[in-house]
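Colleague: Prediction below, plus the sequence it came from.
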Amino acid sequence: MNKKKILKTEVIDNKICYFILNNPDKRNPLSLCLIELLQNELDKVAKNRNIKVLIIKSSGPSFCSGHDLKEVNNFSKSQLKLQELFNKCSKMMLSIRKLNQPVIACVDGVASAAGCQLVASCDLVIATKNSKFQTPGVNIGLFCSTPMVAISRKIAPKDMMYMLLSGETIKAEQAKDFKLVNKVVSKSLLEKEILKIAKHICSKSTESIVIGKQAFYNQLEMPIEDAYKYTSKIMAKNMKSFDAKEGISAFIEKRSPVWKD
């Protein structure tokens, strides 16, 4: 297997990074090889202060079909190998959530099982009208237990259970109703819309986004009283930053802010 072939990376304007899943003949499965490649590239992006936004997209008619079932079947002979696969996949998904940079899923096609998990792990999701989403494990006797961790933190419990118990595909508009997708656009407008959003984010204070993204996910797991105490400390810390002082001054002086980054 050509490792470089199944994942491509591109950088635009030295600020916007693309990860492109590139194994269309197999519907871009999350093989152990691809998971390791994604982890390696995520680690690089995490250290690159120039990158402001990460976009994950794919080639071919499928965004990501989830785990490679042939590989999973082969690994089933070894509990350790299976555990390694799922542990590395979980770590990779968490790395997306923990990444300082906002991550946008650019979906054109089917996102199934762990592929749907990948979508849910991203901060924003823009999908074409023909895109579909599915947690079909129940159809083959393999409940989508790990995918549901990320997805259930984005959509309501009853919507999650509908997807998990039915195994059916849901269309992009329904996924938007479920709050799994932010925006649905035509295929012809997908790239334009993604870049528009990415560039808009790039124009904001990187410092505030880093602080804010971390705080957002941290407070989600807290009781509301603890969340307010935590975010009050974060706000106080943020207010002392150069960019916050610059942003407030620019607002008062009715001018565009000049961010430190």
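Modeller: Received it, and whenever you're ready, just let me know what you need.

Colleague: Now do the top helix by length along the chain: distance to the chain's middle.
Modeller: The single longest helix within the chain, with elements called by DSSP state H, is helix 79-98. Distance of helix 79-98 from the chain centroid (Cα atoms, centre = their mean, to the nearest Å) equals 15 Å.

Colleague: who does it touch, helix- and strand-wise?
Modeller: Under the contact criterion of 3 or more Cβ pairs under 8 Å, 6 or more residues apart in numbering; DSSP states H and E, helix 79-98 touches helix 32-47, helix 69-75, helix 114-121, helix 145-151, helix 206-220. (C-beta placed from N, C-alpha, C; glycine too.)

Colleague: The next helix or strand after it pairs with which strands?
Modeller: Helices and strands here follow DSSP states H and E; after helix 79-98, the next one along the chain is strand 103-107. Neighbouring strands of strand 103-107 in its sheet, by DSSP bridges, are strand 53-58 (parallel), strand 124-128 (parallel).

Colleague: Can I get strand 103-107 in PDB, CA atoms only?
Modeller: Output of strand 103-107 as PDB, limited to C-alpha atoms (Å, rounded to 0.1, in the frame of the first residue of the first chain):
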ATOM      1  CA  VAL A 103     -11.400  21.900  12.000                       C
ATOM      2  CA  ILE A 104     -14.000  21.900   9.200                       C
ATOM      3  CA  ALA A 105     -15.400  18.700   7.600                       C
ATOM      4  CA  CYS A 106     -16.000  19.200   3.900                       C
ATOM      5  CA  VAL A 107     -18.500  16.400   3.100                       C
END
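
Colleague: what helices or strands is the next helix or strand after it leaning on?
Modeller: The helix or strand immediately downstream of strand 103-107 is strand 110-112, counting by DSSP H and E. When contacts are defined as 3+ Cβ pairs under 8 Å, 6+ apart, strand 110-112 packs onto strand 62-64, strand 132-134.

Colleague: CSV for those strands, including mean pLDDT?
Modeller: Converted to CSV, the helices and strands packed on strand 110-112 look like this (pLDDT from 0 to 100):
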stretch, mean pLDDT
strand 62-64, 97
strand 132-134, 98
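
Colleague: who touches the longest helix of the chain?
Modeller: Under the contact criterion Cβ atoms under 8 Å, 6 or more residues apart in numbering, helix 79-98 has outside partners 30, 32, 35-36, 38-39, 42-43, 46, 67, 71-72, 75-76, 103, 114, 117-118, 121-122, 146, 149-150, 214, 217.

Colleague: shouldn't Pro61 be in contact with Gly109?
Modeller: Yes - assessed by Cβ atoms under 8 Å, Pro61 is found in contact with Gly109 at 5.0 Å.

Colleague: Pick out whichever of those two has more residues nearby.
Modeller: Gly109 (24 against 12; other Cβ atoms under 10 Å).

Colleague: For the more buried one, which residues are in contact?
Modeller: Gly109 neighbours (Cβ under 8 Å, 6+ apart): Ser58, Gly60, Pro61, Ser62, Phe63, Thr128, Asn130, Ser131, Lys132.

Colleague: Could you give the secondary structure assignment for the closest residue to Ala114 other than its chain neighbours?
Modeller: Nearest residue to Ala114, sequence neighbours excluded (Cβ to Cβ, 6 or more residues apart in numbering): Gly66, at 4.0 Å. Using DSSP: H, G, I helix; E, B strand; the rest coil, the structure places Gly66 in coil.

Colleague: All set, thanks.
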